[in-house]
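**Student:** Here is a sequence together with a model predicted from it:
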Amino acid sequence: MKYAKIALLVYDITKQESYDNLKNWYNEFKNKNYSVEFIGIIANKSDLYEESVINKEEGENYAKSINALFFETSAMDYESVAAVFEGLAKKYVEKKDKEDRKREEDEQKKIKLEPSKHKEEKEKDQNYEKGASIRRSNIF
């Protein structure tokens, strides 16, 4: 877990204890300074909505409060489980693309600064060469 980039915290919507434990898991991540970049809060057993003790809004609000993505799933429904992984992967790739663009922009700024520095050095070299040729002409 120490080097994980994405964490999935799953709770059973039919059990309050499961939801409470989810909060404990999050606090453990936070307290141990794990390098997790994205957290997915997953409300499982959405097929048992009638038996739910934690409503969707409560799960969504908690996810927002910790800057996590929220998903509802059912192990009975492959589509909703796949959506979790697709959603988190998409967000992770978007973040990495944004970081790459920023890094490229920073490199471009750095490159733009270097020519003026190079120009100054070139002028110094040319002045040195002029001085050297003057000194040589005085010798002969």
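**Tutor:** That came through, no problem.
**Student:** Please, where are all the strands along this structure?
**Tutor:** Remark: strands assigned in the chain by DSSP state E are 6-12, 38-44, 69-72.
**Student:** which stretch among those strands comes nearest Glu58?
**Tutor:** strand 38-44 (9.2 Å; CB to CB). Backbone N, C-alpha and C define where each C-beta goes, glycine included.
**Student:** average pLDDT across the closest one?
**Tutor:** Strand 38-44 shows an average pLDDT of 86 in the prediction.
**Student:** Now do it: which elements does it pack against?
**Tutor:** The helices and strands touching strand 38-44, judged by 3 or more CB pairs under 8 Å, 6 or more residues apart in numbering; DSSP states H and E, are strand 6-12, helix 16-31, helix 56-65, strand 69-72, helix 78-139.
**Student:** List the neighbours of the first one that are in contact with it.
**Tutor:** Strand 6-12 is contacted by residues 1, 18-19, 21-22, 25-26, 29, 34, 36-45, 54, 59, 68, 84, 88, 92 when judged by CB atoms under 8 Å, 6 or more residues apart in numbering.
**Student:** The same query, at a cut-off of 7 Å, please.
**Tutor:** Contact partners of strand 6-12, identified using CB atoms under 7 Å, 6 or more residues apart in numbering, comprise 18-19, 22, 25-26, 29, 36-45, 88, 92.
**Student:** quick revisit: now, of the strands of the chain, which is deepest in the fold?
**Tutor:** By mean neighbour count, with neighbours taken as mean count of other CB atoms under 10 Å, strand 38-44 ranks first of these at a mean of 22.
**Student:** Can you tell me the strand partners of that strand and which way each runs?
**Tutor:** When sheet partners are counted by DSSP bridges, strand 38-44 sits next to strand 6-12 (parallel), strand 69-72 (parallel).
**Student:** For the ones you listed, give me CSV that also has mean pLDDT and distance to Ala63.
**Tutor:** Rendered in CSV, the data for those read as follows (pLDDT from 0 to 100; distance: least, CB to CB, whole Å):
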stretch, mean pLDDT, distance to Ala63
strand 6-12, 86, 9
strand 69-72, 88, 4
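**Student:** If anything else comes up later, I'll come back, but that's it for now.
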